[in-house]
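S.K.: I would like to see how this sequence folds:
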Amino acid sequence: MKYLFFLLSLILASQIGNAQSRADKKFIRFVISKEHILYAEKIGPYWIEQLKETINQDTLYRYEGFRYYRSKLSDSDWFILTPSEKVFINNELDKMKDLLWKDNVVKKSLALTKARTEKYKKERGGQSYYNLEYFHNRIYAFTKPVFIRNKTVCFFYLQVGGGGQLMIYIKSGKKWLRKFTPLLWVS
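M.R.: Numbers count the residues shown, from 1 in each chain. Next up, the predicted model:
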């Protein structure tokens, strides 16, 4: 009986993990809304630290160009996290340091792994670059979505080509709406 209970617990735990993976993939596919892309297998530690620095601010403000225009902000232009939400998001970001994406997080797409790059270089006489024409001329990188407030708010970081942004999404009914971007960079 103990073994049966243990086995059922393991099955239930694996189903909960798979359900979260499906929810993450569904959200990522919604935000990126493309197929056949090339993406980094993980987000760099520098960006994890930048995200944590942003999250740890007392108030997150809408980013307007290269400065904050706080005197012109309306109530929808700022967002306040509770101390426990900050801890939760920071813990989730720490876990992402070890997260490695697999192929097909986005449909018909590839994760840019070290092994795949080495194989590509070997097959192409030392060339270390991919023909990006097959991938909309971009390489993506993204975090796992972090859901808070009963999965009605989501924090998601996306890098495309020469820029990146931390986006906050709010669930309205069954739809996700982008509230704003508190962190934005362009190279």
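S.K.: which residues sit against the strand ranked longest in the chain?
M.R.: Across the chain, the longest stretch assigned as strand under DSSP state E is strand 175-186. Where contact means C-beta atoms under 8 Å, 6 or more residues apart in numbering, the residues beyond strand 175-186 that reach it are 27, 30, 50-51, 54, 57, 60-63, 76-77, 79, 154, 157, 162-171. For the C-beta atoms, the positions are set from N, CA and C on the backbone; glycine is no exception.
S.K.: hmm, try it at 7 Å
M.R.: The contact list for strand 175-186, computed with C-beta atoms under 7 Å, 6 or more residues apart in numbering, reads 30, 50-51, 54, 60-63, 77, 79, 154, 162-170.
S.K.: Mark which of those residues are part of strands, please.
M.R.: Judged by DSSP E, the subset of the contacts of strand 175-186 located in strands is 60-61, 79, 154, 163-170.
S.K.: Could you pick out the buried ones from those?
M.R.: Neighbour-count burial (16 or more other C-beta atoms under 10 Å) applied to those gives 60, 79, 154, 164-170.
S.K.: Tell me which two of those sit farthest apart.
M.R.: G164 and I170 (20.6 Å; C-beta to C-beta).
S.K.: coming back round to it: wait, which of the buried ones among the ones in strands among the contacts of strand 175-186 is closest to K42?
M.R.: Sorting these by how near they are to K42, with C-beta to C-beta, puts G164 at the top with 14.2 Å.
S.K.: Bridge partners for that closest one, pull those for me.
M.R.: G164 has these beta-bridge partners by DSSP bridges: Q159, W185.
S.K.: That one and Y157, how far apart?
M.R.: In this structure, G164 lies at 7 Å from Y157, with C-beta to C-beta, to the nearest Å as the measure.
S.K.: With E123 instead?
M.R.: For E123, the distance to Y157 equals 32 Å [C-beta to C-beta].
S.K.: Output the ones in strands among the contacts of strand 175-186 in TSV, with pLDDT appended to each entry.
M.R.: Written out in TSV, the entries for the ones in strands among the contacts of strand 175-186 read as follows (pLDDT from 0 to 100):
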residue	pLDDT
L60	85
Y61	78
F79	86
C154	96
G163	87
G164	91
Q165	93
L166	94
M167	94
I168	94
Y169	95
I170	94
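S.K.: now, among those, which is nearest to K114?
M.R.: Relative to K114, and with distances defined as C-beta to C-beta, the nearest of these is G164, at 21.2 Å.
S.K.: Now do the same contact list for that closest one.
M.R.: G164 makes contacts with 47, 157-158, 185, as judged by C-beta under 7 Å, 6+ apart.
S.K.: Tell me which stretches of this protein form strands.
M.R.: Listed in chain order, the strands of the chain (DSSP E) span residues 38-40, 60-61, 78-79, 110-112, 139-142, 146-148, 153-160, 163-172, 175-186.
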